Structures are given as C-alpha cells and as structure tokens.
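Participant: let me see the structure of the following:
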Amino acid sequence: MPRRSHFPFLGLPLRLLLGAVLAALLVVPLLGTAAQADGSGPADPADPAVPVDIDDTVSQESAEHALATVQDIVASAPAGDPAGSADAGGPAEAADLTLALRDLAVARDDLPKDLQDDAARLLARPSTGNRPPDPGGIECSPGSGLPCYTAPEAAPECGSASGLNLCVHYVQGAYDPGHQTDAPPASYPAYVLHNVMKNVVQRYAAAGYRLPQGDGANGGVTAFPVSPANTPNTFDVYLADLGKRGLYGYCTTDQRVPGHVTAPAYCVLDNDYAEYGPVPGPVGNLQVTAAHEYFHAVQFAYDINEDGWFMEATATWAEDEVYDGVDDNRQYLKGGPLGRPAQPMDHRKGIAPYGAWIFFKYLSERFPQVSGGMPVIVRDIWNLAAGEANARQALGAALAGRGTDLRTQFGWFAAANRRPHLNYSEGAYYPRARLWRGVKLTGSRRSVSDKATLKHLAARTIRFKSKVHGKAHLRVHVDGPKRKKGGYVLVTIKKKGQAPATKLVKINRKGDKTKRYKFGKSVTWVEITFANAGKKDSTVRVSARVTR
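Facilitator: This is a model prediction of the structure:
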C-alpha cells in the first residue's frame, strides 16, 4: 500500500525542496547517455549517470525534516515554562511534540541508518535496563532531551480498566523539586495518576471508542513479578519531570509504522504538575492532559497517519467532554475558527489545530445523540476515518448519514460563531468571530463594494450598519465560491428590539445572488457571511446599495 506523506512539497523547507529538485534536474541530461551504454552489468549507484528517484530523495529530505522538527522542539523547550509547549499545554505559537513524534515515527524508515538510530532514541520509552528494549534494540538516551530514567524503576502501579491492562511507571527515590530526578512527590503517588487514567479509559470505552492497540511485551518491567494486570499488551504511562522541559505530556509509538496503519502507543505525563500555575491547578492539568494524550493513543488505533489538525482538534474536544469543569481548552479558541475565521480550519501551525475543537463542539451540540455520556458523532467520524480515508472524507460521510453535508454545516457554523452566546451551551465564555469589515451606510454614503480572498475551510463576514432614516432597502450582490466547490452564504438581520435572525442566501451554481433586504430606521444592521467548505481557496466579492 503506498504511503501518503504528511510532508508534501509545500511543507518542506525551501532549501530541502530545491535540493531534491536540483538533484533530479542534474540527472536528466545524463539519462540518454546512460541508456546507450553497455547494460550488461549492474548499475553502479555511485555513477552520476545512474538516475536518482526524486520520490526517494524527497522522502529522505522529508524524514530528515521530521527528525529536525522534533530536535528543535526539544532543544527550544523553555526550562520551567510549560506554557511554551503547545501539546496539552499553554497557548504559545509552538510546534506540537506528539504530532511531531508521530511524523517522525511514520518517516523513520526513510532516514539514513545513523539517523534512524537518532529517531529511535527520541521515540523510545523513558525506562531503560529492566524491560525489553525497542524492537530495534535501541533505548532512550539521557542526552536526547526527552525523559530517560537515570534511577531504577519502581514497581509499576497496574490494574485493569474496561478490559485494558494499564500500568503507570515511575522511578524509585525521593522527590526532588530541583529537577534532578523524575521521581513523583509523596503527595502525587502513582495510584493518583492511575485513577485518573482509569477514569479516562473507562469514559472513552463506554462511549464506544477503540482501545489502544496492544504493544506485545514492549514496556513490560522484567525486574518485578508479573501480575495479571502487567502482561503483554499493557498500555504504559510514564511519569517524568516534563515541566522543566516546557511540556505537559506527550504520546507516541516506538514501533515502525509505515502508512495508514493502526499502531500501539505509550504516554509520558508530568510527575507533579507543580510548575504550571494556579489555573486550572495540578489536578486540573493532570486531568485534561491525561484525557487529551490518551485520546491520541485511541486515535492511533484507527490510523496513526490521520490528518494532524483533526487529531489535535478532536483530542482537545474530548478532554472537555471528560472533564467539562476544567475548561482549559477555551484558551485555544482565539487561534481557531472563532478567533481567526479567515484562517483555514485545518491550519496546522501554532495553536490553530487546538482551536478547531470548537467545530466538533458545534457538531456535537447540533447532533446531540450520546453513547456512554459522550456525543456519538465524533466517534462516528473516527470510525469512518480509519485507514486511507482522510478527515474531510470521514466528516462528509458522517454528515451524509445524518442527512446533511459539510458545506451546509460549515456555513451555519461560520454564522453561529458571530454570536457564540446564542449558539453554544457555554458560548457566553467564548470569543466572538471577528468581522472581515464593518461599513456604515448613511444618507450620503449609500453604497459600498469590496472583495477578499476566502481560503478553504474559512469564512468572512461583512456588516452593513444602518444609519439611514425612514424606509429603505439594501440591495446586496454576492459572488463567492461555486456551490459544488463548497460555497455557502448566509444573511443575518438585526431589527431594532428583536434578536438577530439568520437565513440562507440561495446562491446559484456559480456562487452568485442579488437580493433586497429591509433597511432604514427599523434595521440595526445586516451581515453577510461567506463560507468556503471546499478544498481550494477562492475569492469573494460583495456590493451593497441603499435603495428606497
């Protein structure tokens, strides 16, 4: 099965892309000569006349980029400042370690042998010596920048949760607030984390999600008696001092995972959550981090190579479903469709993937069927995303099963985000999606026109505020993406003394429509919301004129 790369050309650093293309171009003039040469013997790979497979070159460059990304995240983590980390942590514009490690795991086989060893050390579990090592025989290294136990491991805290064997690993020794060891404090024993993890496992299992895939004997601790709960295919969680590394938690796999496959996982969580500030506090940070990171392990049981924004958005959504009272995920809203409606919802950088959780909140409140206390629709989307299907295809299939489509739901979602307090159960605490433009139309300024780029999975709203006396109408012409390309337009009218009312603008197949609306002294404002649920960026144009 061909592997779909998560490092397309546009995602590569320019120097790597140019290098790959240049290597291929330098080979082209030599191909004719090589074809006429004596072909009786095997080709010498060192011979410059031997053609280079550009796909192999790009794959290696992509893999090296994946390795460098992880190394950069680890090297740049601000000591003692976990708010600098994006994964299950603060809202800094930082890269995500869990997905960076996922990308490295997927690309690992494309690296040169010596760099494969570097990758294996970064992907290895923190524990060494008293367990079977990585299948490749490589264990973690204290110099890698990620946790690697330097003290002996204590007997793990193990037990069963919803049929899953769950073990929490930690090191022996006294707690050291000076960050010299990874040992947890007495106030934070392993069974506390085990109880939190057990709750998380049970919640997702009751909702019908898959359990993480078994990892065989990897992670088993051979220095301690084997109990029924500490058997092969145990899910392993490791405690380590992540706060000094600027991290809250991460989850990855130490297995080789080419392509769209299921994969086992393990997670690493902080040993005390003492460095993260008073809100939501150590317990709250532990809860949402455990819920978020474990959901990544669940996702790996569907497809480890799924779209990254979808993985982060649904993990952030899930943490709020399990621990609704913590509300840590609200900090990310400013980076997603609420704070940046003109930015694509599948934007991968910074906190954007986390902020996209609001779309799944929108869907789960519009389609409120629940199972095990959690909305069914997100589970259905993940079931449909297993294997080769990408997030957009899975979303489309799940919505089709509910008699609707992505174009319609994304359009109404975009309009709802202008007034979250009216459209979400906790919307009073959410920021409002900003306007593209606001225009006052008066007796002297009676018309306006404008255009803008409308990116894929993005929206723009323009408001026409009425400062016109007497009776009047507003003649509006809209021109946006074609219907088949994901175009959708809504109008919201605020009449004086009434709540805003939103309705569909029935654009033609080309994305055009001209319509008249009541304006004048009885109307406060009229908003036009353009939404583009398509795969490509487009352009929107709008013109408005006051008429009597």
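Participant: what's in contact with stretch 402-417?
Facilitator: Contacting residues not belonging to stretch 402-417 are listed as 337-338, 341, 345, 358-359, 362-363, 366-367, 377, 392, 395-396, 399, 422-424, 432-433, 457, 459, 461, 483, 486-490, 492, 502, 529-531, 533-534 [C-beta atoms under 8 Å, 6 or more residues apart in numbering]. In this view, the C-beta of every residue, glycine as well, is placed from N, C-alpha and C.
Participant: tabulate the CA atom coordinates of it in PDB.
Facilitator: The C-alpha trace of stretch 402-417 is given here as PDB (Å, rounded to 0.1, in the frame of the first residue of the first chain):
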ATOM      1  CA  ARG A 402     -27.400  12.500   9.100                       C
ATOM      2  CA  GLY A 403     -29.000  13.900   6.000                       C
ATOM      3  CA  THR A 404     -26.700  16.900   5.600                       C
ATOM      4  CA  ASP A 405     -23.200  17.800   4.300                       C
ATOM      5  CA  LEU A 406     -20.000  19.600   5.200                       C
ATOM      6  CA  ARG A 407     -20.900  22.600   3.100                       C
ATOM      7  CA  THR A 408     -24.100  23.200   5.000                       C
ATOM      8  CA  GLN A 409     -22.800  22.600   8.500                       C
ATOM      9  CA  PHE A 410     -19.600  24.600   8.000                       C
ATOM     10  CA  GLY A 411     -21.700  27.500   6.600                       C
ATOM     11  CA  TRP A 412     -24.100  27.600   9.600                       C
ATOM     12  CA  PHE A 413     -21.100  27.100  11.900                       C
ATOM     13  CA  ALA A 414     -19.400  30.200  10.500                       C
ATOM     14  CA  ALA A 415     -22.600  32.300  11.100                       C
ATOM     15  CA  ALA A 416     -23.100  30.900  14.600                       C
ATOM     16  CA  ASN A 417     -19.600  31.900  15.500                       C
END
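Participant: report the buried members of the contacts of stretch 402-417.
Facilitator: Using 16 or more other C-beta atoms under 10 Å as the burial test, the contacts of stretch 402-417 include 337-338, 341, 345, 358-359, 362-363, 366-367, 377, 392, 395-396, 399, 423-424, 433, 457, 459, 461, 483, 486-490, 492, 502, 529-531, 533-534 as buried.
Participant: among these, name the ones in strands.
Facilitator: Of the buried ones among the contacts of stretch 402-417, the ones assigned to strands by DSSP state E are 459, 461, 487-490, 492, 502, 529-531.
Participant: take the residues you listed and lay them out in JSON lines including distance to residue 76 and pLDDT.
Facilitator: Shown next, in JSON lines, are these (distance: C-beta to C-beta, whole Å; pLDDT from 0 to 100):
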{"residue": "459", "distance to residue 76": "33", "pLDDT": "98"}
{"residue": "461", "distance to residue 76": "37", "pLDDT": "98"}
{"residue": "487", "distance to residue 76": "41", "pLDDT": "98"}
{"residue": "488", "distance to residue 76": "40", "pLDDT": "98"}
{"residue": "489", "distance to residue 76": "43", "pLDDT": "98"}
{"residue": "490", "distance to residue 76": "42", "pLDDT": "98"}
{"residue": "492", "distance to residue 76": "43", "pLDDT": "98"}
{"residue": "502", "distance to residue 76": "44", "pLDDT": "98"}
{"residue": "529", "distance to residue 76": "39", "pLDDT": "98"}
{"residue": "530", "distance to residue 76": "38", "pLDDT": "98"}
{"residue": "531", "distance to residue 76": "36", "pLDDT": "98"}
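Participant: could I get those residues as a markdown table with distance to residue 152?
Facilitator: Converted to a markdown table, those look like this (distance: C-beta to C-beta, whole Å):
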| residue | distance to residue 152 |
| --- | --- |
| 459 | 55 |
| 461 | 60 |
| 487 | 62 |
| 488 | 60 |
| 489 | 64 |
| 490 | 62 |
| 492 | 64 |
| 502 | 63 |
| 529 | 60 |
| 530 | 61 |
| 531 | 57 |
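Participant: identify, from the residues you listed, the entry nearest to residue 453.
Facilitator: For those, the residue nearest residue 453 by C-beta to C-beta is residue 530; the value is 10.9 Å.
Participant: residue contacts, the closest one?
Facilitator: Residue 530 touches 414, 454, 459-461, 478, 480, 487-489, 540, 542, counting by C-beta under 8 Å, 6+ apart.
Participant: looking at those, which is nearest residue 447?
Facilitator: Of all the contacts of residue 530, residue 542 has the smallest distance to residue 447: 11.4 Å, by C-beta to C-beta.
Participant: which element is the closest one on?
Facilitator: strand 538-547 (DSSP states H and E).
Participant: now for that strand, which elements pack on it?
Facilitator: Packing partners of strand 538-547 (3 or more C-beta pairs under 8 Å, 6 or more residues apart in numbering; DSSP states H and E): strand 437-442, strand 447-454, strand 458-467, strand 471-479, strand 523-532.
Participant: of all these, which one is nearest residue 164?
Facilitator: Taking these one by one with C-beta to C-beta, strand 458-467 is closest: 39.1 Å.
Participant: what separation do you get for the residue nearest to residue 440 when sequence neighbours are not counted and residue 494?
Facilitator: In this structure, residue 440 finds its nearest non-sequential neighbour in residue 465, 4.8 Å apart by C-beta to C-beta, 6 or more residues apart in numbering. Residue 465 sits 9 Å away from residue 494, taking C-beta to C-beta, to the nearest Å as the criterion.
Participant: which residues do these two both contact?
Facilitator: Counting by C-beta under 8 Å, 6+ apart, the shared contacts of residue 465 and residue 494 are 524-525.
Participant: OK, contacts around the nearest residue to residue 483 once chain neighbours are set aside?
Facilitator: Nearest residue to residue 483, sequence neighbours excluded (C-beta to C-beta, 6+ apart): residue 509, at 5.3 Å. By C-beta under 8 Å, 6+ apart, the residues touching residue 509 are 482-484.
Participant: dump the residue contacts of the closest residue to residue 390 other than its chain neighbours.
Facilitator: Among residues not flanking residue 390 along the chain, residue 307 sits closest, at 5.6 Å (C-beta to C-beta, 6+ apart). Contact partners of residue 307, counting by C-beta under 8 Å, 6+ apart, are 346, 390-392.
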